[in-house]
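> Sequence first, predicted model second:
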Amino acid sequence: MSAVTLTNWILGSVLGLMILLFLFRIVLTWYPQVDLKRFPFNVIAVTTEPFLAPLRKLVPPIGGVDITPVIWLGIVSLLRELLLGQQGLLTMATRLH
């Protein structure tokens with residue numbers, strides 16, 4: 001397995017997991033009564049909060065709804081597509097080898 005292939009696999013897995021976690025976080029915003037300090041919700045909150053907290057300082061809630069998970073979902077999805085998509089940078093590098 002080449003370094004580029006290994007990088008593709010690891011990066012694809014990490015970005016895919018982040019997309020899934022941000023999707024779960026978006027769903028959790030629909031249920032404000034859920035306690036994010038209890039398992040299994042704390043797993044989602046602990047992994048996503050370091051990304052969401054700084055962005056909340058720049059983007060206030062709109063109509064009382066926290067949209068930062070949606071913004072991060074878009075950022076991570078775009079990054080995954082730019083790097084690993086059909087015409088992504090790492091995908092093209094794999095084809096060169």
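Okay, I see it.
> if I look at residue 94, how far off is residue 17?
21 Å (C-beta to C-beta, to the nearest Å). The way it works is simple: take the backbone N, C-alpha and C, and place the C-beta from them, glycine included.
> more crowded one of the two?
residue 94 (15 against 12; other C-beta atoms under 10 Å).
> Which strand or helix spans the more buried one?
helix 89-96 (DSSP states H and E).
> Quick check: buried residues in that helix?
90, 93 (16 or more other C-beta atoms under 10 Å).
> Report the next helix or strand after whichever helix in the chain runs longest in sequence order.
In the chain, with assignment by DSSP state H, the single longest helix is helix 3-29. Elements were assigned by DSSP H and E; along the chain past helix 3-29, the next helix or strand is helix 41-58.
> Can you spell out which helices and strands pack onto that next one?
Here helix 41-58 touches helix 3-29, helix 68-84, going by 3 or more C-beta pairs under 8 Å, 6 or more residues apart in numbering; DSSP states H and E.
> weakest of those in terms of mean pLDDT?
Mean pLDDT is lowest for helix 3-29 among these, at a mean of 92.
> tilt between that one and helix 41-58?
90 degrees (axes from the mean of the first three to the mean of the last three C-alpha atoms, to 10 degrees).
> List the buried residues for helix 3-29?
Buried residues in helix 3-29, defined by neighbour count with 16+ other C-beta under 10 Å: 8, 11, 15, 18, 19, 21, 22, 24, 25, 26, 28.
> Nearest to residue 70 among these?
residue 26 (6.1 Å; C-beta to C-beta).
> Provide a list of residues in contact with the closest one.
The contact partners of residue 26, taken as C-beta atoms under 8 Å, 6 or more residues apart in numbering, are 69, 70, 73.
> out of those residues, who's nearest residue 82?
Nearest member of the contacts of residue 26 to residue 82, counting by C-beta to C-beta, is residue 73, at 14.9 Å.
> Which residue, other than its chain neighbours, is closest to the closest one?
Closest residue to residue 73 apart from its sequence neighbours, by C-beta to C-beta, 6 or more residues apart in numbering: residue 22 at 4.2 Å.
> Residue 93 contacts residue 4, correct?
Yes - in this structure, residue 93 is within contact of residue 4 by C-beta atoms under 8 Å, at 5.3 Å.
> Fine by me, thanks again.
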